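Q: Output the structure for:
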Amino acid sequence: MKEDKNFKVTVSLSKQGYNSKDEAISAVMNDRKKMAELGVTESMRFKKMTLTVEGLLGYIMNGYTFCGLYKYKEGRKVFIQTCSGKQYYTMPTEKDGYMKRCVKRSDYWEGSQVVSIDIDETAFTHIPAFLSMLSCQPTFTYTTFSDKPEKRKFRMVYVMDKILARNEHKAVSEALHNQIEKETGERIQDRCGTRGDQYFNGTTQEGESYISGYVYGLKDIGGYFDELLRLLQEEEKDTKITLDKQLVGDLKLLSYNQVVAKYSKVYEYYYRTQIDFKDGEKYRLVSERHGYYQLYFRWENDKPVKYVDGEHRRAKLNNYARLRRLIKNDTTSEELLYNLYIDRERFFDNSDDTLTIDCLVSIVKKTMKKELDILQTEYEESREAVRKAMKDDYHEKKLVVNPKYYGKYERAKMMADIRTGTKEWNYHLIDLYYNPDLTVKDNLEVLKKNGVEVSDDTLYRYCKDRGIVYKLTDDDLRKLINPNLSVRKNLENIKGQGYKVSKDRIQKIINQFQP
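A: Predicted structure coming up:
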């Protein structure tokens, strides 16, 4: 390790800088309509450049995007095969010397001299305080477009003393991610930096930046050699997981409709745990915590809204693969690949050809070599992390409706039964934790701590339906007392509703109404 802010580092740098994440996404997706709205004149293209550490940070602070290096020879055509099966030869660069978008693909990835780590979820609000926890200081750090004072988001960049090959880059990145998690006590939610072909947006001039100038060798990274050995062992395991070559070839060459026509009767497309309804059964209460699994996609007006670049597309596909193995323990590698292919075509924008069939194959192999209990643990950890992040916006699946029970025009009847079933499930959860010796407010806190999210109105209805006399708070009592009536009359009315309360307490509340 050495400190040298003038050290020369080679990266691929975008032709233009961007003022926002939306601008960068529109450029990388070549969304002409959005680009025109935002004033972006060209799609995102890169060129290999060698800069000082300070020089690279300067470009980044002016909104330039950077990524790893790609191997090609100027003046010699390269072969391109898109995810839709289209094949062609093209020159790798435009006349301005910047690499064409189609060449930025794993097939031509050469290596990277930088390793980037994104921090999107942290309890730290002061970035230097976070950095002070690290034994291996980043070469430089900068806040991203999404950074906010109350929710810090920043990127740490480590410059290496040489260009790293694929496994070297992966091992260094994994080792640094693990070390940072250990030293800060926080989980890194998005490990996009472990992928060599990932691009990284810059930021605005108003953003924060910190530079140490440290340049690292492989031996400086603690845990690097252990990670490298693990990767080699995983590659050996991957060779033992084989997929039907005909299927893989067809997914690369055939159209979506042709693939479905050929394989829809060979492999099952599934997205949730199968429910075998009994005769006359309207719905079935289910729980994510007790063996019910379901994939969720984004819909609007009964049409899928596709996930685009920047929305963790590969991470979502990894999660879908894990869930499907839990849903159907005996699924095959081929069936899992077929399902991911359908997902990609229906629910993901792949206009940048990032989600290649080889990418899907890699996800399948990674998923199939894991034991089911490991996948179960990973799912539970992921679900709890999402629950904590979404808070009140997280809604757990509670029941599954039997579609065969309802006729085509019985939507109102079905919705009424859904409300009944939801109420039944909520009451079941409340039964597990409700303590009649506590107030409704205190019971709400107990339920919340145990992952049960219900409103106070639901809890009041629960008490009424269950015949529970709950302990009244002063606020509850104020709502029941009529200040125009006597203490005795109020006492009669409140006791008539099934509540236990003293005469002195009613007198105290009535006195508070008086000026």
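Q: Tell me the buried residues in the helix or strand where Ile363 lies?
A: Assessed by DSSP states H and E, Ile363 sits inside helix 357-368. Within helix 357-368, the residues that count as buried by 16 or more other CB atoms under 10 Å are 357, 359-361, 363-368. Quick note: C-beta positions are derived from backbone N, CA and C, even for glycine.
Q: helices or strands next to it in the packing?
A: helix 245-253, helix 313-327, helix 333-347 (3 or more CB pairs under 8 Å, 6 or more residues apart in numbering; DSSP states H and E).
Q: So which of these is nearest Lys2?
A: Closest approach to Lys2 among those (CB to CB): helix 313-327, 34.4 Å.
Q: and for that closest one, what are the contacting residues?
A: Helix 313-327 has contacts (CB atoms under 8 Å, 6 or more residues apart in numbering) with 190, 192, 195, 270-274, 293-295, 307, 331, 336, 339-340, 343-344, 348, 350, 354-355, 359-360, 363-364, 366-368, 370, 372, 375-376, 378-379, 382.
Q: sorry, back to before: can I get the helices and strands packed on helix 357-368 in TSV with mean pLDDT, mean neighbour count and distance to Asp417?
A: Below are these laid out as TSV (pLDDT from 0 to 100; neighbours: other CB atoms under 10 Å; distance: least, CB to CB, whole Å):
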stretch	mean pLDDT	mean neighbour count	distance to Asp417
helix 245-253	93	15	41
helix 313-327	92	20	25
helix 333-347	96	21	29
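Q: For Ala129, which of those is the nearest?
A: Taking CB to CB, helix 313-327 is the member of these nearest to Ala129, at 27.7 Å.
Q: Thr50 is in what secondary structure piece?
A: strand 46-52.
Q: again with Thr242
A: For Thr242, there is no host helix or strand (DSSP H and E).
Q: buried ones in the helix or strand containing Ile117?
A: Applying DSSP H and E as the criterion places Ile117 in strand 109-119. Neighbour-count burial for strand 109-119, with 16+ other CB under 10 Å as criterion, is recorded at 109, 111-119.
Q: do stretch 252-265 as well
A: Buried-residue list, stretch 252-265, by 16+ other CB under 10 Å: 252, 254, 259-260, 263.
Q: Now it - C-alpha only, PDB.
A: Extracted as PDB, the C-alpha positions of stretch 252-265 are listed here (Å, rounded to 0.1, in the frame of the first residue of the first chain):
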ATOM      1  CA  LYS A 252     -30.300 -17.600 -27.100                       C
ATOM      2  CA  LEU A 253     -31.600 -17.900 -30.700                       C
ATOM      3  CA  LEU A 254     -35.400 -18.300 -30.700                       C
ATOM      4  CA  SER A 255     -38.000 -15.600 -30.100                       C
ATOM      5  CA  TYR A 256     -40.000 -15.500 -26.900                       C
ATOM      6  CA  ASN A 257     -43.100 -16.900 -28.600                       C
ATOM      7  CA  GLN A 258     -41.100 -19.700 -30.100                       C
ATOM      8  CA  VAL A 259     -39.600 -20.600 -26.800                       C
ATOM      9  CA  VAL A 260     -43.000 -20.700 -25.000                       C
ATOM     10  CA  ALA A 261     -44.500 -22.700 -27.800                       C
ATOM     11  CA  LYS A 262     -41.700 -25.300 -27.600                       C
ATOM     12  CA  TYR A 263     -41.200 -25.500 -23.800                       C
ATOM     13  CA  SER A 264     -44.400 -24.500 -22.000                       C
ATOM     14  CA  LYS A 265     -45.600 -28.100 -21.800                       C
END
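Q: Would you mind giving both backbone torsions of Ile494?
A: Per-residue torsions, Ile494: phi -70, psi -40 (degrees, to the nearest 10).
Q: Can you tell me the number of residues neighbouring it?
A: 19 (other CB atoms under 10 Å).
Q: For it, give me its contacts.
A: Contacts of Ile494 were listed using CB under 8 Å, 6+ apart, and they are 477, 480-481, 501, 506.
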